[in-house]
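1. please work out how this folds:
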Amino acid sequence: MRILDIERCDLNIKSNSSSHHTELFGEERLLVRRGEPFIIILHLKHGSEEFKQGETSFTLIVETGPLPRKESDTKVSFSLGESIVDTEWSASALNESSGNTVSVTINSSPNSPIGLYSLTLDQEGQKTNLGNFILLFNAWCPRDAVYMQSETKRQEYVLSQHGQIYKGTHKRIKGMPWNFGQFGEGILDICLKMLDENPKFVFDADKDCSARRNPVYVTRVLSAMINSNDDRGVLVGKWGEISDGVHPGEWIGSGDILRQWAERGPVRYGQCWVFASLACTVSRSLGIPCRVVTNFGSAHDSDANLLIENLYDEDGESLSNGDSIWNFHVWVDSWMARPDLGSKYDGWQASDPTPQERSDGVFCCGPASLRSIKEGELTKKYDAPFIFAEVNADVVDMVRLSNGQFVEFSGSTKSVGRFISTKAVGSDKRRDITHKYKYAEGSAEERQVYEKAQHHNKLQQRGEEPGLHLKIKLSDGMIMGSDFEVYAVLTNNHMETKTCNFLFIAKAVSYNGKLGDTCGFISDRVEVPSGEERRLSLKLEYDSYGSVITSDRLILLSAITVDKQTIDYHKAEKTIVLDEPDIEIKLVGEALVNQPVTAEMTLLNPLPEPLHNCSFTVEGVDLTNGKPITVKYVRSIPKQEAKTSVELSPTSSGSSVLLVNFDSDNLRNIKSFINVVVMA
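-> Residues are numbered from 1 along each chain as shown. Okay, here's the model as predicted:
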């Protein structure tokens, strides 16, 4: 048997990176996607035996994890063959014309665990370490569980480093730019560190590393590790007053958060869009196609009965019971096969790293097949009932009488799960994917699915009671800093005159539905003849709302009619989001590789008071050296422009995105972006 005397191994990084779509990670080391062949070059020492097909043979050994074992598929040995086999680890070799180099083609199994591997060459017990490589999931390989057929979708859901996160209300949806930056320096190592610090790895490293072949398993681990509730996960959630750490609205990208976690442990603070954006970054970095999804009117069903029960006392004051409806909630969909459920449930799977309820004793959620959610198949793992309720729960309003009895007075089958949104493929436009999660509201299919889901929960569907018609109407110009009016309109469609107490209340509210202080109130005792209407006008003044609203800029309007004698209650609610000022961003001159270019940013202060502790933060892939740049200054005068500039350092040609965040004491987290084309 011929023994090769190897001088060195060339991992052929540039060529392999190109064919494996990993060149954006850089060329410092070999990163390949599973199920796809890659080529290494063995350089032989002068005087070594030449490689001859059929006469020279050797074995290759690949190992991953701290306890590589054949039984766990974390250690695999395979010999040279005449050609590679695309379903398993295999190799073939070819002597180069010089006779001094051997080209070895290696194919990984499309079902291999992902992670850091060592590669060793064994010649009759004589072992040579050829180097290390990282193996990722492969959306380009038809045999991989994350295979995605469309190249444009692979470009969007695996390779795109920028996105839009949708916030606001279903009536006023606003896109917010985000820098996923999954190919940023050190990010992949941090993602692998996250896997290695998850409690399942700590408990049984062999079993955990072996399970990393399965994107369902990896996605569930990420859902738990993105939040810090049960472990030393990445992000601490906080929804109340924040006096320490970073306010969730200040983040504009994932990279800074992940690097801080790798250096110092759990990062303060995050809310749902930050948790979801991190999950998208980590999923794309590991090769799992992923998109960020926003659900408007998102139910949090705390008692798993698929009903959101709003409880009130006789005066219309809200009583807390654990159920809530968030103005919006953000999670991720990841693309993968579900052999554990059957091919019918392949495709997009919803998972949610925001800590809300425990799943198998841990704060995580999903992945649940969108098909199972749409069809009400709530026995399908993972956490389908909770996600189903988020998009399709019915709402029931109940009043507690003085004798303690609860009486249902209204409800809705349509207010939960509206305008479910994600960024469109290849553009910054919003795409509505509600139809992927549920049948059309009120359709026979949707009601049948809901009834089936209720059957799973051993409950009976509850209906609605008709009543007086209440509407809330808005005025134009609801801009942060301005005064404006809103209106509650009560119409009597009964045959007889109705008399009742008419209340109109405005309260600050967070995006997760948590109520703050009252910023407007008016009430009247009204008599409404049949067929007529009565209107209450409420003026919302900045002096009243400015100090109580959160950085979400949301106000909940509630119109309530109360007739205690007939126990007749009616309610209408509407959440408004105040418009924010625009940031004007422009480049001074042309953006060229390795040439500084200045970006100017201007924001008009819309408030009738000065802004203090002002700052602009900018970030962009290959524009800001991999980290945010913050420019601070002290004060901005009312109704005057806040203006600054920053020098960018483009490091590569092509398209990028410059994200900007403005922050101050009374005007928080105003975001904008521009597309930047860097010329060579």
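2. next one: the closest residue to residue 113 other than its chain neighbours relative to residue 220, how far apart?
-> Take residue 113 and drop its neighbours on the chain: the residue closest to it by Cβ to Cβ, 6 or more residues apart in numbering is residue 212, 4.1 Å away. (Each C-beta comes from the backbone N, C-alpha and C, glycine too.) Going from residue 212 to residue 220 by Cβ to Cβ, to the nearest Å gives 12 Å.
3. returning to what we had before: report pLDDT for the residue nearest to residue 113.
-> On pLDDT, residue 212 comes in at 98.
4. quick check: it vs residue 64, distance?
-> 8 Å.
5. mutual contacts of the two, please.
-> Taking Cβ atoms under 8 Å, 6 or more residues apart in numbering as the contact rule, residue 212 and residue 64 both touch 113, 115.
6. surely residue 415 is in contact with residue 298?
-> No - counting by Cβ atoms under 8 Å, residue 415 stays clear of residue 298, with 10.7 Å between them.
7. distance of residue 353 from residue 213?
-> Residue 353 is 22 Å from residue 213, by Cβ to Cβ.
8. who's more crowded, those two?
-> Between residue 353 and residue 213, residue 353 has the larger neighbour count (other Cβ atoms under 10 Å), namely 32 against 21.
9. contacts only, for that one.
-> So residue 353 contacts 222-227, 275-276, 278-279, 331-332, 364-365 (Cβ under 8 Å, 6+ apart).
10. in helices, which of those residues appear?
-> Residues of the contacts of residue 353 located in helices (DSSP state H): 222-225, 275-276, 278-279.
11. for residue 241, state which of these is nearest.
-> The nearest member of these to residue 241, counting by Cβ to Cβ, is residue 275 at 19.6 Å.
12. so what's the residue count around that closest one?
-> Count around residue 275 with other Cβ under 10 Å applied: 25.
13. same check on residue 250?
-> If we define neighbours as other Cβ under 10 Å, then residue 250 has 20 of them.
14. and what of residue 37?
-> By the measure other Cβ under 10 Å, the count of residues near residue 37 is 17.
15. which one is it nearest to, not counting chain neighbours?
-> Excluding the flanking residues, the one nearest residue 37 by Cβ to Cβ, 6+ apart is residue 107, at 4.5 Å.
16. burial measure for that neighbour, as a count.
-> Count around residue 107 with other Cβ under 10 Å applied: 22.
17. that one contacts residue 78, correct?
-> No - counting by Cβ under 8 Å, residue 107 sits too far from residue 78 to count as a contact (9.4 Å).
18. touching both of those two, which residues are there?
-> 88-91.
19. quick check, nearest of the residues you listed to residue 469?
-> When the shared contacts of residue 107 and residue 78 are compared against residue 469 (criterion: Cβ to Cβ), the nearest one is residue 88, at 66.9 Å.
20. what residues are up against the nearest residue to that closest one once chain neighbours are set aside?
-> Using Cβ to Cβ, 6+ apart and skipping residues adjacent in sequence, the residue nearest residue 88 is residue 109, 4.9 Å away. Applying Cβ under 8 Å, 6+ apart to residue 109 gives the contacts 34-35, 73, 76, 87-89.
21. now do 10 Å
-> Under the criterion of Cβ atoms under 10 Å, 6 or more residues apart in numbering, the neighbours of residue 109 are 34-35, 62, 73, 76, 78, 85-90, 135, 143-144, 213.
22. phi and psi next, for the closest residue to residue 254 other than its chain neighbours.
-> Nearest residue to residue 254, sequence neighbours excluded (Cβ to Cβ, 6+ apart): residue 281, at 3.9 Å. With angles defined as degrees, to the nearest 10, residue 281 sits at phi -60, psi -50.
23. measure residue 281 to residue 574 for me?
-> 34 Å.
24. same thing with residue 453?
-> 28 Å.
25. which of those two has more neighbours?
-> Neighbour count, other Cβ under 10 Å: between residue 453 and residue 574, residue 453 has more, with 23 against 17.
26. helix, strand or coil for that one?
-> helix (DSSP: H, G, I helix; E, B strand; the rest coil).
27. and it, what does it touch?
-> So residue 453 contacts 306, 373, 375-378, 384-385, 388-389, 392-393, 459, 461 (Cβ under 10 Å, 6+ apart).
28. and the residue lying closest to it once chain neighbours are set aside, how many neighbours?
-> Leaving out its chain neighbours, the residue that sits closest to residue 453 by Cβ to Cβ, 6+ apart is residue 376, at 3.9 Å. Residues near residue 376, counting by other Cβ under 10 Å, number 25.
29. switch to numbering from 203
-> New numbering, starting at 203: the last item is residue 578.
30. part of a strand, is residue 578?
-> No - assessed by three-state DSSP, residue 578 does not belong to a strand; its assignment is coil.
31. my read: it touches residue 594, true?
-> Yes - with contact defined as Cβ atoms under 10 Å, residue 578 counts as touching residue 594 (8.0 Å).
32. name the residues contacting each of those two.
-> Residues touching both residue 578 and residue 594 (Cβ under 10 Å, 6+ apart) are 508, 640-641, 648, 651-652, 655.
33. quick one: which of those is nearest residue 356?
-> residue 640 (26.9 Å).
34. what sits against the closest one?
-> Counted by Cβ under 10 Å, 6+ apart, residue 640 has contacts 572, 575-578, 590, 593-594, 618-619, 622, 647-648, 651-652.
35. quick one: classify the nearest residue to residue 747 once chain neighbours are set aside as helix, strand or coil.
-> Nearest in space to residue 747, with sequence neighbours left out and distances taken as Cβ to Cβ, 6+ apart, is residue 721 at 3.9 Å. For residue 721, the assignment made with three-state DSSP gives strand.
36. what is the neighbour count of residue 721?
-> Residues within reach of residue 721, counting by other Cβ under 10 Å, total 22.
37. is it true that it touches residue 685?
-> No - because the distance of 11.6 Å does not satisfy Cβ under 10 Å, residue 721 is recorded as not touching residue 685.
38. any common contacting residues for these two?
-> Joint contacts of residue 721 and residue 685 (Cβ under 10 Å, 6+ apart) are 742-747.
39. pLDDT score for residue 741?
-> 96.
40. and residue 661, by the same measure?
-> 32.
41. same question for residue 671.
-> Looking at residue 671, the pLDDT reads 87.
42. so what's it bridging to?
-> Counting by DSSP bridges, residue 671 forms beta bridges with residue 693.
43. before we move on, what about residue 676?
-> residue 688.
44. tell me, how many residues neighbour it?
-> 15.
45. pull the contacting residues for it.
-> 373-374, 686-689, 759, 776, 778.
46. filter the residues you listed down to just the buried residues.
-> 374, 686, 688-689, 759, 776, 778 (16 or more other Cβ atoms under 10 Å).
47. and the residues you listed, which two are furthest apart?
-> Across those, the longest distance by Cβ to Cβ is 17.3 Å; it joins 374 and 689.
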